[in-house]
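Asker: Sequence and predicted structure, then a few things I'm wondering about:
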Amino acid sequence: MIDINIIRENPELVKSACANKNEPDVVDEILTADAERRALQAEGDELRHRQKELSSQVGAAFAGGDRELAEKLKAEAKALSDSVKALEEKQREAETRWSALLIKVPNIPADDVPVGDASANVILREWGSPPKFDFEPRDHIDLGDMLGMLDMELGAKVAGSGFSLLAGDGARMSRALIAMMLDIHRESGFLEIAPPFLANRQAMTGTAQIPKLEGDMYHFPEEDLFLIPTAEVPITNLHAGEMLREENLPIYYAGYTANFRREAGSYGADTRGLLRVHQFDKVELVKFSHPDKSWEEHESLLAQAEKVLQALELHYRVVLLATGDMSFASAKVYDIELWAPGEGRWLEVSSCSNFLDFQSRRANIRFRPESGGQVQFVHTLNASGVALPRLLVAIWESYQTARGTVQIPRALRPYMHGQEEISPRL
């Protein structure tokens, strides 16, 4: 949620942000609702001030023995009290309308974010080199089937299309990767968190998944709980409604969760195998930063996610997203994409986002400066560090051999009891 003062003072900037992010423009509606809300507040303040005056006058009339005047003033006070109650109901309704509109406004992109759709994204750099083969590389579906690591049919048998089943060394590698990634982040100063896989409506609203993405979530209406689409939701909301101490900033968290998204199944070729599924594992990185340090923290967060891929010696690139390809809540986003030689394409495995105070305003996460002064909202940032199963896809396809085996990256071998290669099961 952006500061209402920005909308009041620079509505054209906010309208431009809505247009550049392909979001509905509700700025004029907000300004109308805001004017109504403020007018009702002013009217209410005036009526309550009059109530205090009448109360004092009633007391003075009784004290002076003028019972007739006192009763007259009491009657006036009673009528005024009824007017105040009616006005307060109008205020609540106006506040609800105003709030419902305000949370529909996206974050304003940073000045250095390119304007446009995905075609305007900027490739900033590549790391490593693509693997070279003297044979036609197989894709992850063939490799997973040959090596007994992946069975999409069994996943669909249990839960329907869009669900996968990892088995044998595929399941072991997934578990090993999660452990390795958490160790890398813990050694870099991140506190490991094992959060719930469910979140309430307030938490989902705080990180801005709701209302925009509510239709993409798995929802349990009786409890009004949602299966989380990302660990960003529970971890960011650990501090919802809190007043943090400035000396404790920045705060770093890393957490593994399964993630659940209903939108899988409508993206054509993206739905093959593990590329887009309803349930997937991911290690998430979340930071709470002082506003003066958040851009610096954004760069270091990107570097932290890159550590995983460098340890695995995988070819990747970093992309700065354009406004039309960014998330609703973000001010600036870097994507990290892995090269998958069997697929012959780049696969996103991490989005590294700075939300500034957008989420903290919604979740009411603030800090009090050590030197005193006005309470401020913290800045929140997050990144995948990184997401499976596309990481598995890139490893299997990059480390395959002409013999139909998959070599295990050196950094991962200690997490797989020294195993060096995955071979067909006999």
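Answerer: Arrived safely. Numbering: from 1, shown residues only.
Asker: Spell out the residue ranges of the strands in the stretch 151-300 of the chain.
Answerer: Counting by DSSP state E, counting those that start in this stretch, the stretch 151-300 of the chain has strands at residues 191-193, 198-200, 219-220, 225-227, 243-245, 251-260, 279-289.
Asker: who touches the residue located most distally from the centre of the chain in this structure?
Answerer: The C-alpha centroid of the chain is most remote from G65, which lies 66.0 Å away (Cα atoms, centre = their mean). Applying Cβ atoms under 8 Å, 6 or more residues apart in numbering to G65 gives no contacts. Glycine gets a C-beta too; all of them are placed from N, C-alpha and C.
Asker: In three-state terms, label it for me.
Answerer: coil (DSSP: H, G, I helix; E, B strand; the rest coil).
Asker: mind checking how far Q279 is from T96?
Answerer: Remark: distance between Q279 and T96 (Cβ to Cβ, to the nearest Å) = 35 Å.
Asker: ok, back up a step: next, format the strands of the stretch 151-300 of the chain as TSV and append mean neighbour count.
Answerer: What follows is the strands of the stretch 151-300 of the chain, written out as TSV (neighbours: other Cβ atoms under 10 Å):
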stretch	mean neighbour count
strand 191-193	14
strand 198-200	19
strand 219-220	13
strand 225-227	19
strand 243-245	13
strand 251-260	20
strand 279-289	24
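Asker: who wins for proximity to H49 among those?
Answerer: When those are compared by Cβ to Cβ, strand 243-245 sits nearest H49, at 30.9 Å.
Asker: quick one: strands adjacent to that closest one?
Answerer: Using DSSP bridges, strand 243-245 pairs in its sheet with strand 366-368 (parallel).
Asker: Would you map out the domains in the chain?
Answerer: 4-102, 118-422 (automatic domain parsing).
Asker: Return the most buried member of those.
Answerer: Among the domains of the chain, ranked by average contacts under mean count of other Cβ atoms under 10 Å, first place goes to domain 118-422 (a mean of 19).
Asker: Could I get the average pLDDT for it?
Answerer: Averaged across domain 118-422, pLDDT comes to 96.
Asker: From start to finish, how long is that domain in a straight line?
Answerer: The straight-line separation of the ends of domain 118-422 (Cα to Cα, to the nearest Å) is 37 Å.
Asker: Nearest to L102 among the strands of the stretch 151-300 of the chain would be which one?
Answerer: Short answer: strand 198-200, nearest of the strands of the stretch 151-300 of the chain by Cβ to Cβ, at 20.5 Å.
Asker: what's next to the closest one, contact-wise?
Answerer: 220, 224-228, 233-234, 237.
Asker: for the residues you listed, which one is nearest S353?
Answerer: S353 has its nearest neighbour among these in V233, at 13.5 Å by Cβ to Cβ.
Asker: Please report the distance of that closest one from R317.
Answerer: Distance, V233 to R317, using Cβ to Cβ: 28 Å.
Asker: just checking, T257 touches F197?
Answerer: Yes - contact criterion Cβ atoms under 8 Å: T257 and F197 qualify, at 5.7 Å.
Asker: Can you give me the end-to-end span of stretch 104-117?
Answerer: With Cα to Cα, one end of stretch 104-117 sits 20 Å from the other.
Asker: how about A159, what does it touch?
Answerer: Residues near A159 by Cβ under 8 Å, 6+ apart: 278-279.
Asker: Could you tell me the phi and psi values at L147?
Answerer: phi -100, psi 10 (degrees, to the nearest 10).
Asker: Need the nearest residue in space to it, chain neighbours excluded.
Answerer: Using Cβ to Cβ, 6 or more residues apart in numbering and skipping the chain neighbours, the partner closest in space to L147 is I422 (5.3 Å).
Asker: picking up where we left off before, can you lay out the strands of the stretch 151-300 of the chain as TSV showing distance to I210?
Answerer: Listed next are the strands of the stretch 151-300 of the chain as TSV, based on distance: least, Cβ to Cβ, whole Å:
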stretch	distance to I210
strand 191-193	22
strand 198-200	10
strand 219-220	10
strand 225-227	8
strand 243-245	24
strand 251-260	15
strand 279-289	18
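Asker: ok, what's across the strand from the residue nearest to L147?
Answerer: Applying DSSP bridges, one finds that I422 bridges with V406.
Asker: Pull the contacting residues for it.
Answerer: 147, 149, 169, 173, 405-408.
Asker: now P291
Answerer: 356-357, 376-379.
Asker: mind redoing it with 7 Å?
Answerer: Residues counted as contacts of P291 (Cβ atoms under 7 Å, 6 or more residues apart in numbering) are 357, 376, 379.
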